[in-house]
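Colleague: Predicted model follows, preceded by the sequence.
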Amino acid sequence: MASLEHTILVADDEEKIRKVLEINLKNKYRILLAQNVREAIAYLDSQTVHLVLTDLRMPGQGGLSLLQHVQRCRRRIPVVIITAFGTVENAVQAMKMGAYDYILKPIKIDDLQRLIEKALHYAELLDENVQLKERLRKYEGFREIITANPRMQALLETLKDVAATPANVLIEGESGTGKQLVAASVHYMSARADHPFVEINCGAIPSSLLESELFGHEKGAFTGAISMKQGKFELADKGTIFLDEVGETPLELQVKLLHVVENQKFTRVGGTRYIETNARIVAATNRKLSEEVDKKTFRGDLYYRLKVVYLQIPPLRQRKEDIQLLARYFTEKYKHLNVDKRKDVEISEEALRLLGSYDWPGNVRELENVIQQAIIFAKDGIITADTLPPEVVENAVKPSLTKEDLRNEKNRRTEAIVREIESSFLRRILGQAKGNITRAAEISGYDRRQIQNLSKKHGIKAEDFK
């Protein structure tokens with residue numbers, strides 16, 4: 001951790017102390033010296049600083065003023081207070097205001113270095129935690145939505161707008177198309193991401209128990225209700241409730257569900273007190289609910305209350321370009337299942353052709369299961385036609401390639417290779433340059449604008465390499 005990559009700002013009005021600290025710390029850190037708060041703030045506003053070491057008392061503004069400036073502008077820079085024995089109380093007050101720690105005069109350099117190491121490590125953990133939360137909020141749902149299909153890509157772009165609203169969402173799509181992942185995306189990209197994402201499969205729970213699962217029950221409400229139980233709507237308050245296979249909800253229960261959607265309140269089974277909920281509803285079904293409304297098996301008023309935003313996920317057979325992408329993704333994800341742990345798992349061209357020619361009635365879920373099985377049986381780490389299930393091999397459409405097909409395939413593969421090379425190149429030079437775009441341009445021979453354009457094209461952020 002001790003590294004000249006870390007910059008420490010020393011603010012002290014006594015030149016002797018500044019010099020002593022510089023001499024003892026400059027071999028491990030880059031040191032900036034300020035004799036007052038004004039100079040220190042100028043450094044903070046113009047340079048990257050990883051830790052502030054400031055005297056508590058200086059003429060004019062003191063260390064507390066500097067601490068407050070750091071908190072207003074750069075909250076995650078740790079501030080260590082230098083103080084004399086007689087002003088320890090003030091240093092403790094500074095810690096309550098957000099300072100990392102304090103150290104007493106006369107300063108023992110070994111103690112100070114240990115304190116600096118701890119503070120820098122703490123700051124790095126904070127940064128990692130913030131970055132992780134940011135990525136999770138933005139990409140949690142997207143992490144397994146792999147697609148090159150224009151229709152699916154347009155749907156994913158729509159999700160960003162959908163997530164920003166409190167509107168109820170209805171997702172329709174065949175079983176295995178990824179409705180749960182889309183629902184999770186809506187939640188984790190929304191302002192509700194820090195609150196619960198609660199799932200319930202309305203078709204997997206007996207109708208006699210579904211009401212209790214959704215709304216909870218009071219003690220003694222029915223035989224076996226030995227204690228009060230909170231329902232899914234109560235648990236999802238301020239978050240999102242995902243009603244999977246909502247089309248399976250019994251008609252008599254749809255009335256109570258409609259009441260919750262309209263009024264955001266309900267009663268537990270056996271209870272009389274209304275409980276309010278601020279849960280956003282995302283519902284999904286593998287049926288055409290409009291047809292169920294026509295058949296009187298699903299209430300029209302509930303249907304339109306749920307369908308404020310409507311999303312339809314196409315089946316895998318209608319997005320053939322995704323099959324090989326997903327196959328490779330699942331191969332990487334489950335390669336640990338192969339007996340020979342020493343080798344990476346690969347898919348042969350023949351196996352990829354067969355996978356791409358099959359209609360996948362079970363959609364992405366079926367493909368995932370097929371890849372897992374194939375990895376288990378893959379000899380020498382290679383998935384071949386022999387490792388695929390008979391239904392995939394026997395029902396795959398035989399190829400009838402034309403000159404146009406060959407040209408398109410060559411262009412597609414060339415573009416994929418170029419993208420991979422560009423992405424790898426960009427990550428390597430940004431890593432060498434520690435995320436500094438100007439330095440990356442000098443290393444690579446490109447100009448800043450070209451590096452910035454590449455970063456935007458591949459969705460790679462320079463700050464991730466700092």
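Modeller: Good, I have the coordinates.
Colleague: per-domain residue ranges of this protein.
Modeller: Using automatic domain parsing, the domains assigned to the chain come out as 7-136, 149-314, 317-395, 404-465.
Colleague: Dump those domains to a markdown table, plus mean neighbour count.
Modeller: Quick note: C-beta positions are derived from backbone N, CA and C, even for glycine. As requested, the domains of the chain are arranged in a markdown table below (neighbours: other Cβ atoms under 10 Å):
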| stretch | mean neighbour count |
| --- | --- |
| domain 7-136 | 17 |
| domain 149-314 | 17 |
| domain 317-395 | 17 |
| domain 404-465 | 14 |
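Colleague: Can you lay out those domains as JSON lines showing mean pLDDT?
Modeller: Output for those, formatted as JSON lines (pLDDT from 0 to 100):
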{"stretch": "domain 7-136", "mean pLDDT": "86"}
{"stretch": "domain 149-314", "mean pLDDT": "93"}
{"stretch": "domain 317-395", "mean pLDDT": "90"}
{"stretch": "domain 404-465", "mean pLDDT": "85"}
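Colleague: Check the offset of stretch 322-342 from the chain's centre.
Modeller: Relative to the centre of its chain, stretch 322-342 is centred 22 Å away, using Cα atoms, centre = their mean, to the nearest Å.
Colleague: wait, I meant stretch 195-202
Modeller: Remark: stretch 195-202 is offset 18 Å from the chain centroid, using Cα atoms, centre = their mean.
Colleague: what's the answer for stretch 29-42, then?
Modeller: With Cα atoms, centre = their mean, you get 37 Å for stretch 29-42.
Colleague: List the contacts of it.
Modeller: The contact list for stretch 29-42, computed with Cβ atoms under 8 Å, 6 or more residues apart in numbering, reads 2-13, 15, 18, 21-22, 25, 43, 47, 49, 52, 54, 58-63, 65-66, 69, 116.
Colleague: one more time with 6 Å
Modeller: For stretch 29-42, contacts defined as Cβ atoms under 6 Å, 6 or more residues apart in numbering pick out 4, 6-11, 13, 18, 22, 25, 43, 58, 61, 65-66, 69.
Colleague: Ok, stretch 317-330 next?
Modeller: Contacts for stretch 317-330 (Cβ under 6 Å, 6+ apart): 146-149, 152, 352, 355-356, 359-360, 367-368, 371.
Colleague: okay, those residues in CSV with distance to Ala184 next?
Modeller: Output for those, formatted as CSV (distance: Cβ to Cβ, whole Å):
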residue, distance to Ala184
Ile146, 15
Thr147, 16
Ala148, 21
Asn149, 19
Met152, 16
Leu352, 29
Leu355, 26
Gly356, 27
Asp359, 27
Trp360, 22
Leu367, 19
Glu368, 16
Ile371, 21
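Colleague: Confirm that Ile443 lies within a strand, as I assumed.
Modeller: No. In this structure, Ile443 is helix, not part of a strand, as judged by DSSP: H, G, I helix; E, B strand; the rest coil.
Colleague: and which of the contacts of stretch 317-330 is nearest Val162?
Modeller: Met152 (14.6 Å; Cβ to Cβ).
Colleague: The closest one falls within a helix, correct?
Modeller: Yes. Under three-state DSSP, Met152 sits within a helix.
Colleague: distance of the residue lying closest to it once chain neighbours are set aside from Leu66?
Modeller: Excluding the flanking residues, the one nearest Met152 by Cβ to Cβ, 6 or more residues apart in numbering is Arg319, at 6.0 Å. Distance of Arg319 to Leu66, computed by Cβ to Cβ, to the nearest Å: 57 Å.
Colleague: could you pull out the helices for the stretch 251-400 of the chain?
Modeller: Using DSSP state H, counting those that start in this stretch, the helices of the stretch 251-400 of the chain run over residues 251-263, 289-294, 300-306, 321-333, 349-357, 363-377, 390-395.
Colleague: what's stretch 272-288 in contact with?
Modeller: With Cβ under 6 Å, 6+ apart as the test, stretch 272-288 has contacts from 166, 168-172, 174-175, 179, 183, 186, 233, 236-238, 240-247, 264-267, 306.
Colleague: so of these, which ones are in strands?
Modeller: Members of those lying in strands (criterion: DSSP state E): 169-172, 240-244, 265-266.
Colleague: Could you provide the residues you listed in a markdown table, with additional columns for distance to Asn278?
Modeller: Below are the ones in strands among the contacts of stretch 272-288 laid out as a markdown table (distance: Cβ to Cβ, whole Å):
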| residue | distance to Asn278 |
| --- | --- |
| Val169 | 16 |
| Leu170 | 19 |
| Ile171 | 21 |
| Glu172 | 25 |
| Thr240 | 10 |
| Ile241 | 11 |
| Phe242 | 16 |
| Leu243 | 16 |
| Asp244 | 21 |
| Lys265 | 10 |
| Phe266 | 12 |
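Colleague: closest to Ser212 among those residues?
Modeller: Of all the ones in strands among the contacts of stretch 272-288, Ser212 sits closest to Phe266, with 12.0 Å by Cβ to Cβ.
Colleague: pretty sure the closest one is in contact with Val260, am I right?
Modeller: Yes. Between Phe266 and Val260 there is a contact at 4.8 Å, judged by Cβ atoms under 6 Å.
Colleague: A strand includes Val198, no?
Modeller: Yes. Counting by three-state DSSP, Val198 falls inside a strand.
Colleague: Tell me if I'm right that it and Asp237 touch.
Modeller: No. Applying Cβ under 6 Å, one finds Val198 not in contact with Asp237, separated by 9.3 Å.
Colleague: Now Glu442. Nearest residue, chain neighbours left out?
Modeller: Residue nearest to Glu442 in three dimensions, not counting chain neighbours: Ala433, with 8.0 Å by Cβ to Cβ, 6+ apart.
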